[in-house]
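Q: Dropping the sequence and predicted coords here.
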Amino acid sequence: MRVVLNGELLDGQDARLSALDEGLLYGYGLFETIRALDGHMPLLERHLDRLFSGAVRLGLPVRRERAAIARDLEALLAAEGFADARVRVTLTRGAALLGEGSTLLATAQPYALPAPPYDLCVVSGHPGGSFPLAGLKTIGYLPHLLARDRARAAGHHDALWLDAGGRVVEATTGNVFVVLPDGTVVTPPLSAGPLAGVGRAWAIARLRDEGATVQEAPLRAAHLSQAREVFLTNALMGAMPVRRLDGRMLPAIAPDGWGLRLREAFADLFRAR
């Protein structure tokens, strides 16, 4: 396994992080997960936008320029040779107590696109939009992982996460979209606290280009019970239709529904050169 650590391509066993790195000690950092198909990363610039804006928000310096990071990832993918890959870029504060700069680490693993549809459960406890880190993809990901692991242990693919007021915020691994009976596509606003998903932003733009009415508006349980469609988005799997929600079957997934149409649009995006 190869990695890129602060711009240097290394064997994974030779990469060394400080024992005082504040990402390791306190979860002080950000990460991006990027899909690469045959070395092609069509959403890379959007991921870098989010990484750099998040770094500004947290006061984290980035030791590499954007173009250099892109070259690092290309070199990593060439070294690993994966046809379909999940690339992770992790930025931490580094060993700040020692006066060292931030740490930038890139890794890659093989990726297999999951098959639709998904089965979701509903859980509460999302901190919501008032949480100071709302919208950021921080490496302090334990709440997401615990909710996801509990969902999977109960036989579900993921969990749909509600805040204390019963509003839908997101799934643990993606943003949620609901198609209402009148055809309007609704996704929770960023002010509600979901991750500012790269796949979410691309999906909203694509839906509007295709003529859909898309609203970023609060979602509640009543909307879920009336939904014509529910689907998730993230930058790895694209769009994922949902067939079962908390044990209740949703309407049959239509071939011309927005979930499957978006899934194909994401596939076209990665196939294009």
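A: Alright, I've got the coordinates. Numbers count the residues shown, from 1 in each chain.

Q: so where's this protein shaky on pLDDT?
A: 273 (pLDDT under 70).

Q: Per the annotation, how does it divide into domains?
A: Domain segmentation of the chain under automatic domain parsing yields 2-110, 118-271.

Q: Export these to CSV and append columns for mean neighbour count.
A: In short, each C-beta sits where N, CA and C put it, glycine included. Listed next are those as CSV, based on neighbours: other Cβ atoms under 10 Å:
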stretch, mean neighbour count
domain 2-110, 17
domain 118-271, 18
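
Q: who touches residue 73 in this structure?
A: Listed by Cβ atoms under 8 Å, 6 or more residues apart in numbering, the contact set of residue 73 reads 4, 34, 36, 41, 44, 87, 89, 106.

Q: nearest residue to the second one other than its sequence neighbours?
A: When you say that, I think you mean residue 34. Spatial nearest neighbour of residue 34, chain neighbours left out: residue 87 (4.4 Å); criterion: Cβ to Cβ, 6 or more residues apart in numbering.

Q: Ok, residue 189 next?
A: That would be residue 216: by Cβ to Cβ, 6+ apart, it lies 4.2 Å from residue 189.

Q: mind listing what that neighbour touches?
A: 186-190, 204.

Q: Can you pick out the most distant pair from the residues you listed?
A: For the contacts of residue 216, the farthest-apart pair by Cβ to Cβ is 186 and 190; their separation is 13.7 Å.

Q: ok, back up a step: which of the contacts of residue 216 lies closest to residue 59?
A: Set against residue 59, the nearest of the contacts of residue 216 by Cβ to Cβ is residue 190 (20.8 Å).

Q: how close does the nearest residue to residue 173 once chain neighbours are set aside get to residue 175?
A: Nearest non-adjacent residue to residue 173, counting by Cβ to Cβ, 6+ apart: residue 158, 5.4 Å away. Distance, residue 158 to residue 175, by Cβ to Cβ, to the nearest Å: 12 Å.

Q: what do those two both touch?
A: Common neighbours of residue 158 and residue 175 are listed as residue 232 (criterion: Cβ under 8 Å, 6+ apart).

Q: give me every residue that touches the nearest residue to residue 127 once chain neighbours are set aside.
A: In space, and not counting its chain neighbours, residue 127 is closest to residue 193: 6.5 Å by Cβ to Cβ, 6+ apart. If you count contacts by Cβ under 8 Å, 6+ apart, residue 193 has them with 126-131, 134-135, 163, 169-170.

Q: those strands in the stretch 1-150 of the chain, which residues are they?
A: Counting by DSSP state E, counting those that start in this stretch, the stretch 1-150 of the chain has strands at residues 2-5, 8-11, 29-37, 84-92, 103-110, 118-126.

Q: Could you dump these into CSV with distance to residue 51 added?
A: Shown next, in CSV, are the strands of the stretch 1-150 of the chain (distance: least, Cβ to Cβ, whole Å):
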stretch, distance to residue 51
strand 2-5, 14
strand 8-11, 19
strand 29-37, 5
strand 84-92, 6
strand 103-110, 10
strand 118-126, 23
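
Q: returning to what we had before: look up phi and psi at the residue nearest to residue 189.
A: Dihedral pair for residue 216: phi -100, psi 100, per degrees, to the nearest 10.
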